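Engineer: Sharing a model that was predicted from the sequence below.
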Amino acid sequence: NIVLIGSLPNHVIKQVRIHWLLQLVKITSTGFDFSLLDLLLDKLWRFDLLPGFELMGNPGDLIQDFSTEKQANRWFDLIQTMVRRYIQRYGKTWVEQWRFETWNEPDHGDFCNVNFTLATYLKYFDASLSALKTISEDLKLGGPGGSCRHPHFVEFCFGLLDHVENGINSFNSSIKPSLDFISIHKKGDGQNMELIVQDEMKTIQEILRLYPTLKNIPIINDESDPLKGWWREEDWRAEVEYPNFVAENIQNHKTTYFDKKHQIEFELLSNDNAFMSYSHTKFTQRTLLARYQESNSSYRNSIFIKKPIYNFLVLQSHISGQWVNITQQKGDTTVSSYGSQKFTNKTYFTWSSAVLISTDKKTRNLALKLHLKNIPSLDPGLVYHTFTLSNKLARNPYRQWQKMRSPDRPSQEEIQTLITSSQIEHSQPKRINRSLSNVNLNFLLPSPVIFVLQLCSLNPLQLPPQPHWLQLSQNCNTSMLISWRFGGDTSCLSSFVVQFSSSGPVSGYTNLNQDWV
């Protein structure tokens, strides 16, 4: 799961936010045992992912209720010992990129045997903040990490914000209560994605009205899913409708926070969907990947199949740089679109631009006409290639699985069919006449669909960086995951070519991938 998430291009997913991390810490007669947490963080570091580190958990029932100074000191020691350990292990630069966060959704009351009241919850916050800031002012702590929704989910949420604006640090009065970001959770109803940003704005405006000194703190929504309840079985979570919802949500956030001028700094939009599916619901839960277990004995013996929502993130990785202006045909509200461009002279391309088109229209085909204007005059000639996600059987592992009568443990041949059908449909690069500053392109697409047009002007003076850090990971007993790092932007790469030789250059190399990678 982590290997595949870490392999997404261009850091389109950079942070993995995991509940209950502190439950991996053990209490021993000599102090804290971080060995299990080390294993997880080593894995994230190895695959270039940052933890979204919630200060959440109660190892060895260390804390009862934070009502005494002794308990607050225990917590302070736990957080300080842990953070100093990981600064020594990974370096200060990497740990300072982490987003530490307060206890997830405190108004839901799931406190792992800690008997919190609002007063003792604020003592927990003060001890946590003091532990981080006495190590480095550049360590980031945010919160409250909840919906802040009336009437039942506001006491701890607004209590923390009021403490930051008006309170005094009960653990160390020399450190003022503060937040480096305000985190909220706003999800959709599975139908209308506009509700997410509407609920965000309603809560943000209430926060700024009640606590005006917090107006310059960045806002994040780190659980911005189309529907609550990750375990719920929904057919649309298996197909292209899921990424359609996510694309619409991204466009709504762009329109609200970036196209309009206001004081709100929206810093991060994230989905809570890196779960592992139950055995009988391979595709239909809120996950990025479908999981097939080779046996019931171990999570290790699992094969993961990429769902359309995972492949959408590959397409989303092409959106990087500055937003570009896109005008749609009036009256068509079923199509979402956004795009980006960037100029550079430091890599194998000098200019790139990508446009993402999304529609949930239930029609046989969609006639798409793109009119590209003011293309910069760059040499050499411009090229483009396209990527398409749809529900066509040949590119739909869920429907392929249903066609197989939904086996719980598919055969090797069936697994290969699922892997093949989970690949993104793509075109070969094509050249555009560079005498034109305006270009018209026409495409006939299936619908519903996610479509990306990628344009590139290549740099003849530089080659792409050399892939490095090749890693092999056991993927069940019968297959292997091959991963590597690429020190550049992959947007203008047509594909990687993976080759293998059993004896090095003596016998020559054979291509392993028959499709785009």
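Structural biologist: Cool, got the structure.
Engineer: in its sheet, what does the host helix or strand of residue 471 sit against?
Structural biologist: Taking DSSP states H and E as the criterion, residue 471 maps to strand 468-475. Neighbouring strands of strand 468-475 in its sheet, by DSSP bridges, are strand 479-485 (antiparallel).
Engineer: now could you export just the CA positions of the strand it pairs with as PDB?
Structural biologist: Presented in PDB, the C-alpha positions along strand 479-485 are these (Å, rounded to 0.1, in the frame of the first residue of the first chain):
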ATOM      1  CA  SER A 479       5.400 -11.500  -7.600                       C
ATOM      2  CA  MET A 480       7.700  -8.600  -6.900                       C
ATOM      3  CA  LEU A 481       7.100  -4.800  -6.800                       C
ATOM      4  CA  ILE A 482       9.900  -2.800  -8.500                       C
ATOM      5  CA  SER A 483      10.200   0.800  -7.500                       C
ATOM      6  CA  TRP A 484      12.700   3.600  -8.100                       C
ATOM      7  CA  ARG A 485      13.200   7.300  -7.600                       C
END
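Engineer: Would you check how far apart residue 21 and residue 29 are?
Structural biologist: Residue 21 sits at a distance of 23 Å from residue 29 (criterion: Cβ to Cβ, to the nearest Å). To be clear about C-beta, it is placed using only N, CA and C from the backbone, and glycine gets the same treatment.
Engineer: how about residue 407, what does it touch?
Structural biologist: The contact partners of residue 407, taken as Cβ atoms under 8 Å, 6 or more residues apart in numbering, are 401, 414.
Engineer: which SS class is residue 126?
Structural biologist: helix (DSSP: H, G, I helix; E, B strand; the rest coil).
Engineer: How about the contacts made by residue 161?
Structural biologist: Residue 161 is in contact with 144, 179, 182, 207, 210, 211, 214, counting by Cβ under 8 Å, 6+ apart.
Engineer: Please settle this for me: is the second one part of a strand?
Structural biologist: By that I understand residue 179. No - under three-state DSSP, residue 179 sits outside any strand and is assigned coil.
Engineer: mind listing the helices in the stretch 201-350 of the chain by residue range?
Structural biologist: 241-253, 308-316 (DSSP state H, counting those that start in this stretch).
Engineer: Of all those, which one comes closest to residue 363?
Structural biologist: Residue 363 sits nearest to helix 241-253 of all the helices of the stretch 201-350 of the chain, at 13.7 Å, using Cβ to Cβ.
Engineer: any idea of the mean pLDDT in the closest one?
Structural biologist: Confidence over helix 241-253, taken as the mean pLDDT, stands at 96.
Engineer: and what of stretch 413-423?
Structural biologist: Averaged over stretch 413-423, pLDDT sits at 94.
Engineer: what does it contact?
Structural biologist: With Cβ under 8 Å, 6+ apart as the criterion, stretch 413-423 contacts 290, 292, 303, 305-307, 311, 393-397, 400-401, 404, 407, 410, 515-516.
Engineer: do that again at 6 Å, thanks
Structural biologist: 305, 306, 395, 397, 400, 404, 515 (Cβ atoms under 6 Å, 6 or more residues apart in numbering).
Engineer: Is it correct that the fourth one is in contact with residue 305?
Structural biologist: Yes - under the criterion of Cβ atoms under 6 Å, residue 397 makes contact with residue 305 at 5.1 Å.
Engineer: which residues of the stretch 1-150 of the chain fall in helices?
Structural biologist: Assigned by DSSP H, counting those that start in this stretch, the helices in the stretch 1-150 of the chain fall at 2-6, 35-46, 69-90, 92-95, 118-133.
Engineer: Between the helices of the stretch 201-350 of the chain, which one is closest to residue 324.
Structural biologist: The nearest among those, by Cβ to Cβ, is helix 241-253 at 13.0 Å.
Engineer: which helices and strands sit right next to that closest one?
Structural biologist: Contacts defined by 3 or more Cβ pairs under 6 Å, 6 or more residues apart in numbering; DSSP states H and E place helix 241-253 against helix 194-210, helix 308-316, strand 335-343.
Engineer: To residue 242, which of the ones you listed lies closest?
Structural biologist: Nearest to residue 242, of all the helices and strands packed on helix 241-253, is helix 308-316, at 4.6 Å by Cβ to Cβ.
Engineer: In terms of secondary structure, what does the closest one contact?
Structural biologist: Helices and strands touching helix 308-316, as assessed by 3+ Cβ pairs under 6 Å, 6+ apart, comprise helix 241-253, strand 382-390.
Engineer: report the angle between the axes of the last one and helix 241-253?
Structural biologist: Meaning strand 382-390. In terms of direction (axes from the mean of the first three to the mean of the last three Cα atoms, to 10 degrees), strand 382-390 departs from helix 241-253 by 120 degrees.
Engineer: Isn't residue 490 up against residue 7?
Structural biologist: No - contact criterion Cβ under 6 Å: residue 490 and residue 7 do not qualify, at 10.6 Å.
Engineer: Comparing these two, which shows the higher neighbour count?
Structural biologist: Comparing residue 490 with residue 7 by other Cβ atoms under 10 Å, the one with more neighbours is residue 7, at 18 against 15.
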